[in-house]
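Engineer: Need coordinates for the below:
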Amino acid sequence: MKNEGLNRRQFLCHSGKALAGVVVASSGVVSLVFPATGWSAPLAVLDEHESKTLLHMTRLLYPHDAVEDKFYAVVVKALDTDASTAEDKAQQLKEGVKNLDKLANGNWRELSTDKRNTMLKNIEGTAFFEQVRSKCITGIYNNKELWPHFGYEGASAKHGGYINRGFNDLDWLPEPPEEASPKAR
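Structural biologist: Residues are numbered from 1 along each chain as shown. Coordinates of the predicted model:
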């Protein structure tokens, strides 16, 4: 008789993926938890709903399918840390999430990706949007663990610069049109 169920490895893999990015509350402490990797980030200011919303927002602002949610959660943790030391930043995050839900007439995360992107476009330039966007830039692109994913090898000065090291070897970017990069004379 063939076993139609999941084996232990498949179960752990699927449950880990299903639970990745889940925010749990225990003992009054909210944490972003990623069971598949054993990684978690306790939060001081943000509640479960706010942290989940910000996690979705960071992924929409800087989408990279191959980048795990835990790296976006690092951004949410950094936002929470900033909020724990500055009341105005905490209020801005909390009100920003409330505003997204208000614009969505419910839970912003439950909207389609297109509708969520449209709403983000509508709040672009607000202090809330800029707070999250700027933390994404440093939290994602300044993360040394992600540099290989983006094809960045780190500082080049100690290696003689990029000219002799393949400055144009990124394979994940499309080739620019000829008029954007004319040939050297």
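Engineer: show me what contacts the residue nearest the centre of the chain?
Structural biologist: Computing the C-alpha centroid of the chain and ranking residues by CA atoms, centre = their mean puts Y72 first, at 2.7 Å. Applying CB atoms under 8 Å, 6 or more residues apart in numbering to Y72 gives the contacts 21, 55, 58-59, 139-140. Every C-beta, even on glycine, is put in place using the N, C-alpha and C of the backbone.
Engineer: which one of the residues you listed is nearest A155?
Structural biologist: A155 lies nearest to I140 out of those, by CB to CB, at 18.3 Å.
Engineer: Angles on the backbone of the closest residue to the closest one other than its chain neighbours, please.
Structural biologist: Distances taken as CB to CB, 6 or more residues apart in numbering place Y62 nearest to I140, at 5.5 Å, with adjacent residues excluded. Note on Y62: its backbone torsions stand at phi -130, psi 80 [degrees, to the nearest 10].
Engineer: which regions of the chain sit below the pLDDT cut-off?
Structural biologist: The chain contains residues with pLDDT under 70 at 1-41, 162-170, 185.
Engineer: hmm, 80 instead?
Structural biologist: 1-41, 151-176, 181-185 (pLDDT under 80).
Engineer: what about the helices in it?
Structural biologist: Ranges of helices within the chain are 8-19, 48-61, 69-85, 87-103, 113-123, 127-141, 147-150, based on DSSP state H.
Engineer: can you count the residues close to V45?
Structural biologist: Neighbours of V45 under the rule other CB atoms under 10 Å: 21.
Engineer: Same question for H49.
Structural biologist: So H49, with other CB under 10 Å, has 16 neighbours.
Engineer: That one and N107: what is the separation?
Structural biologist: Going from H49 to N107 by CB to CB, to the nearest Å gives 8 Å.
Engineer: which residues does the residue nearest to I140 contact?
Structural biologist: Counted by CB under 8 Å, 6+ apart, Y62 has contacts 136-137, 140.
Engineer: Thanks a lot, catch you later.
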